[in-house]
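Asker: okay, structure incoming, though there's no sequence with it:
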């Protein structure tokens, strides 16, 4: 899996791209810190909802999306497509839209500039869809190709929710149910369609490079059950919106198929763990373990929504909502992306800085997730708030910020050293 990573001397001329992605992650962490602090002490200039929109957009579209863009460039695109100027232009225009959203959302919320930059990102995603679909290397194996093209299809599908959302805001702004469902349509197929299938495709690519392959029959069951689960579990959103006709049945099917798909995948990873992990350092192994654990826990939580009382309360208590979103985007998606990017971490000049960054991110994530779900349970049981809850969750959110910043620092130093070495050779 070393080819997936930033190595001791970066081979790709786009190594600055991943530094930008980690910068976006750090910015999202700063916004998250502000959202935690406002519960401890008022910040006069901060509007919680507007800052939350900025935080979520930068984390989702600035960090996760662009990290996948970078890995696609290095591992999936053919050499011919890598050399096309449009690939570089689309990346930088996308990053421009992220900077625009990072500034405009905290200032104005959904206003003309934030909508402009969000729309720009959507059009950039369409360009990326074309680049990735047409430029996918012919040497990519069938299983990886199918998963990645499914991811790209879900990326396209998810944006329909945004266009309908815009229509509702202009023509029927009082229709809160349609507003909610269209927004959740976008988020569902971003999280559980585009991002999840992109990461799974990259995992299968890495497994294949380590001569670990799922048999065609097992892959068929894994893919079909997972695909049906992605579609069927959207019914949970409709249940929350009060549209109950047949949705409980679809949700049951979705949860059952999700468990089958995830079980096949985790069983496969378990039996080939030594082949997967033998070249990884202990901190990158930890990223894999936390990501796999997050995937399993997410499936168990989804299973619990079959209980009507849990299904009803799961979207009413904010701690449950935030905890589940972070479990998917941070625990599963982000840690797997980091595992790809830093799989050859032993060759880093500042390996201790990198390792400390990973350690702080993992520890901060695990503790804040525990705090969120325990506090959510306490509110559900009407026990009130645990002592110093907001102070504790703020303190461990600092850990996540410091972790992201140390990753940024280690990468920045690595890239500077690389260019200095190249310069000294030329001189």
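Answerer: Yes, it's here. On a predicted model such as this, the values are computed, not experimentally measured, just so you know. Residues are numbered from 1 along each chain as shown.

Asker: residue 413 is in contact with residue 350, correct?
Answerer: Yes: here residue 350 lies in contact with residue 413, judged by Cβ atoms under 8 Å, at a distance of 5.2 Å. (Glycine included, C-beta is placed from N, CA and C.)

Asker: got the domain boundaries for this protein?
Answerer: Dividing the chain into domains by automatic domain parsing, as the record does, gives the ranges 15-139, 141-209+213-271, 291-427.

Asker: of those domains, which approaches residue 280 most closely?
Answerer: Proximity of these to residue 280 was assessed by Cβ to Cβ; the nearest stretch is domain 291-427, lying at 6.0 Å.

Asker: figure out how far that closest one is from the centre of its chain.
Answerer: Distance of domain 291-427 from the chain centroid (Cα atoms, centre = their mean, to the nearest Å) equals 10 Å.

Asker: same check, this time on stretch 101-117
Answerer: Computed by Cα atoms, centre = their mean, the separation of stretch 101-117 from the middle of its chain amounts to 21 Å.

Asker: cool, and stretch 171-182?
Answerer: Relative to the mean C-alpha coordinate of its chain, stretch 171-182 is positioned 26 Å out (Cα atoms, centre = their mean).

Asker: check stretch 222-240 too.
Answerer: Here the centre of stretch 222-240 is set off from its chain's centre by 18 Å, with Cα atoms, centre = their mean.

Asker: what residues does that stretch touch?
Answerer: If you take Cβ atoms under 8 Å, 6 or more residues apart in numbering as the criterion, stretch 222-240 is touched by 146-147, 150, 154, 181, 184-185, 188-189, 192-193, 196-197, 200, 214, 244, 246-248, 250-251, 253-255, 257-258, 260-262, 264-265, 302, 305, 311, 315.

Asker: JSON lines for the domains of the chain, including distance to residue 277, mean pLDDT and mean neighbour count?
Answerer: Output for the domains of the chain, formatted as JSON lines (distance: least, Cβ to Cβ, whole Å; pLDDT from 0 to 100; neighbours: other Cβ atoms under 10 Å):
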{"stretch": "domain 15-139", "distance to residue 277": "19", "mean pLDDT": "94", "mean neighbour count": "18"}
{"stretch": "domain 141-209+213-271", "distance to residue 277": "10", "mean pLDDT": "89", "mean neighbour count": "18"}
{"stretch": "domain 291-427", "distance to residue 277": "10", "mean pLDDT": "88", "mean neighbour count": "18"}
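
Asker: relative to residue 283, which of those is closest?
Answerer: Comparison of these against residue 283 by Cβ to Cβ identifies domain 291-427 as nearest, at 4.3 Å.
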